[in-house]
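*Asks:* Got a predicted model here, sequence first, then my questions.
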Amino acid sequence: MKKYIKTSMVIMSGFIFMAVIHLSTQCELFSLDPIDNEEDITNLDIDNKGIEKISSKTEDAFFSGDPQQIAEIMLEESLEFYGDGLFNQDPVKLVEQGNAFKTRELTAASEIYAEYSYTYNDIKYTMSFARLDVGDWKLIRF
(Lines give C-alpha, C1' and ligand atoms only; values in the text may rest on other atoms or scores of the structure.)
Protein backbone atom coordinates (compact mmCIF):
# COMPACT_ATOMS: atom_id res chain seq x y z
CA MET A 1 0.00 0.00 0.00
CA LYS A 2 2.86 2.38 0.85
CA LYS A 3 4.26 1.77 -2.62
CA TYR A 4 1.04 3.03 -4.27
CA ILE A 5 0.86 6.10 -2.04
CA LYS A 6 4.46 6.95 -2.80
CA THR A 7 3.89 6.51 -6.55
CA SER A 8 0.77 8.66 -6.54
CA MET A 9 2.60 11.37 -4.55
CA VAL A 10 5.38 11.44 -7.16
CA ILE A 11 2.83 11.70 -9.97
CA MET A 12 0.92 14.48 -8.16
CA SER A 13 4.16 16.39 -7.55
CA GLY A 14 4.97 16.09 -11.25
CA PHE A 15 1.61 17.59 -12.23
CA ILE A 16 2.00 20.40 -9.71
CA PHE A 17 5.54 21.08 -10.96
CA MET A 18 4.31 21.20 -14.59
CA ALA A 19 1.49 23.58 -13.63
CA VAL A 20 3.90 25.93 -11.87
CA ILE A 21 6.28 25.92 -14.86
CA HIS A 22 3.40 26.49 -17.28
CA LEU A 23 1.94 29.38 -15.31
CA SER A 24 5.28 31.06 -14.73
CA THR A 25 6.36 31.00 -18.38
CA GLN A 26 3.25 32.24 -20.18
CA CYS A 27 4.04 34.64 -22.97
CA GLU A 28 2.09 37.88 -22.99
CA LEU A 29 3.37 38.91 -26.39
CA PHE A 30 0.25 37.65 -28.13
CA SER A 31 -3.05 39.19 -27.23
CA LEU A 32 -6.61 38.37 -28.15
CA ASP A 33 -7.59 42.00 -27.74
CA PRO A 34 -8.56 43.94 -30.86
CA ILE A 35 -6.05 46.26 -32.48
CA ASP A 36 -5.15 48.99 -29.99
CA ASN A 37 -4.23 51.63 -32.50
CA GLU A 38 -6.82 52.43 -35.18
CA GLU A 39 -4.12 54.20 -37.17
CA ASP A 40 -2.65 50.76 -37.92
CA ILE A 41 -5.75 50.06 -40.00
CA THR A 42 -6.40 53.46 -41.54
CA ASN A 43 -2.81 54.04 -42.67
CA LEU A 44 -2.66 50.93 -44.85
CA ASP A 45 -1.68 51.59 -48.44
CA ILE A 46 -4.43 49.53 -50.07
CA ASP A 47 -4.25 49.40 -53.85
CA ASN A 48 -7.99 49.71 -54.56
CA LYS A 49 -7.47 50.30 -58.28
CA GLY A 50 -5.28 47.21 -58.55
CA ILE A 51 -7.79 45.11 -56.63
CA GLU A 52 -10.65 46.28 -58.82
CA LYS A 53 -8.57 45.68 -61.96
CA ILE A 54 -7.74 42.06 -61.05
CA SER A 55 -11.33 41.35 -60.01
CA SER A 56 -12.57 42.65 -63.38
CA LYS A 57 -9.96 40.56 -65.21
CA THR A 58 -11.04 37.54 -63.18
CA GLU A 59 -14.69 38.13 -64.02
CA ASP A 60 -13.83 38.41 -67.72
CA ALA A 61 -11.62 35.30 -67.61
CA PHE A 62 -14.34 33.18 -66.03
CA PHE A 63 -16.98 34.70 -68.26
CA SER A 64 -14.95 33.63 -71.31
CA GLY A 65 -15.18 29.99 -70.22
CA ASP A 66 -11.54 29.54 -71.25
CA PRO A 67 -9.37 27.92 -68.53
CA GLN A 68 -6.24 29.32 -70.20
CA GLN A 69 -7.43 32.88 -69.56
CA ILE A 70 -7.98 32.00 -65.90
CA ALA A 71 -4.53 30.41 -65.74
CA GLU A 72 -2.94 33.63 -67.04
CA ILE A 73 -4.17 35.65 -64.04
CA MET A 74 -3.30 32.99 -61.45
CA LEU A 75 -0.25 32.83 -59.23
CA GLU A 76 2.08 30.12 -60.50
CA GLU A 77 1.93 28.14 -57.23
CA SER A 78 -1.86 28.25 -57.26
CA LEU A 79 -1.93 27.04 -60.84
CA GLU A 80 0.24 24.09 -59.82
CA PHE A 81 -2.15 23.36 -56.94
CA TYR A 82 -5.25 23.37 -59.16
CA GLY A 83 -3.39 21.48 -61.88
CA ASP A 84 -5.46 19.69 -64.49
CA GLY A 85 -8.60 20.31 -62.45
CA LEU A 86 -8.81 23.82 -63.86
CA PHE A 87 -8.33 22.72 -67.46
CA ASN A 88 -10.90 19.92 -67.12
CA GLN A 89 -13.66 22.30 -66.02
CA ASP A 90 -16.83 22.54 -68.04
CA PRO A 91 -16.73 25.93 -69.85
CA VAL A 92 -20.44 26.45 -69.12
CA LYS A 93 -19.77 26.13 -65.38
CA LEU A 94 -16.91 28.64 -65.65
CA VAL A 95 -19.23 31.11 -67.38
CA GLU A 96 -21.85 30.56 -64.67
CA GLN A 97 -19.24 31.17 -61.99
CA GLY A 98 -18.09 34.33 -63.79
CA ASN A 99 -21.66 35.52 -63.90
CA ALA A 100 -22.04 34.79 -60.18
CA PHE A 101 -18.80 36.69 -59.48
CA LYS A 102 -20.54 39.84 -60.72
CA THR A 103 -22.36 39.89 -57.37
CA ARG A 104 -19.06 39.97 -55.46
CA GLU A 105 -18.47 41.91 -52.27
CA LEU A 106 -15.03 42.81 -51.00
CA THR A 107 -14.75 41.11 -47.60
CA ALA A 108 -11.06 41.69 -46.81
CA ALA A 109 -8.33 43.92 -48.15
CA SER A 110 -4.80 44.84 -47.17
CA GLU A 111 -1.65 45.97 -48.92
CA ILE A 112 -0.93 42.44 -50.17
CA TYR A 113 -4.21 40.50 -49.95
CA ALA A 114 -7.80 40.89 -51.08
CA GLU A 115 -10.77 38.58 -50.77
CA TYR A 116 -14.20 38.73 -52.36
CA SER A 117 -17.26 36.70 -51.48
CA TYR A 118 -20.05 35.83 -53.88
CA THR A 119 -22.91 33.35 -54.13
CA TYR A 120 -23.08 30.62 -56.76
CA ASN A 121 -25.94 28.08 -56.78
CA ASP A 122 -27.03 29.29 -53.33
CA ILE A 123 -23.60 28.53 -51.86
CA LYS A 124 -21.29 31.29 -50.64
CA TYR A 125 -17.78 31.19 -52.12
CA THR A 126 -14.68 33.33 -51.81
CA MET A 127 -11.96 34.32 -54.25
CA SER A 128 -8.61 35.50 -52.97
CA PHE A 129 -5.93 37.61 -54.59
CA ALA A 130 -2.34 38.41 -53.64
CA ARG A 131 -0.17 41.35 -54.59
CA LEU A 132 3.28 40.45 -55.85
CA ASP A 133 6.45 42.36 -55.01
CA VAL A 134 6.31 44.06 -58.41
CA GLY A 135 2.81 45.38 -57.65
CA ASP A 136 0.80 43.02 -59.85
CA TRP A 137 -2.21 41.21 -58.41
CA LYS A 138 -2.79 37.49 -59.01
CA LEU A 139 -5.64 35.09 -58.30
CA ILE A 140 -4.57 32.65 -55.60
CA ARG A 141 -7.75 30.81 -54.63
CA PHE A 142 -11.28 30.32 -55.90
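*Replies:* Nice, I can see it.
*Asks:* how far away is Gly98 from Arg141?
*Replies:* Distance, Gly98 to Arg141, by Cβ to Cβ, to the nearest Å: 16 Å. Bear in mind the C-beta positions are built from the backbone N, C-alpha and C, glycine included.
*Asks:* quick one, longest helix in the chain?
*Replies:* If you go by DSSP state H, the chain has its longest helix at helix 2-24.
*Asks:* ok, residues contacting that one?
*Replies:* By Cβ atoms under 8 Å, 6 or more residues apart in numbering, no residue outside helix 2-24 reaches it.
*Asks:* what does the domain assignment say about the protein?
*Replies:* Domain assignment for the chain, taken from automatic domain parsing, gives 2-30, 47-141.
*Asks:* Could you identify which of those domains is most buried?
*Replies:* Of all the domains of the chain, domain 47-141 has the most neighbours on average by mean count of other Cβ atoms under 10 Å, namely a mean of 15.
*Asks:* how about the domains of the chain in CSV, adding mean pLDDT?
*Replies:* What follows is the domains of the chain, written out as CSV (pLDDT from 0 to 100):
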stretch, mean pLDDT
domain 2-30, 70
domain 47-141, 93
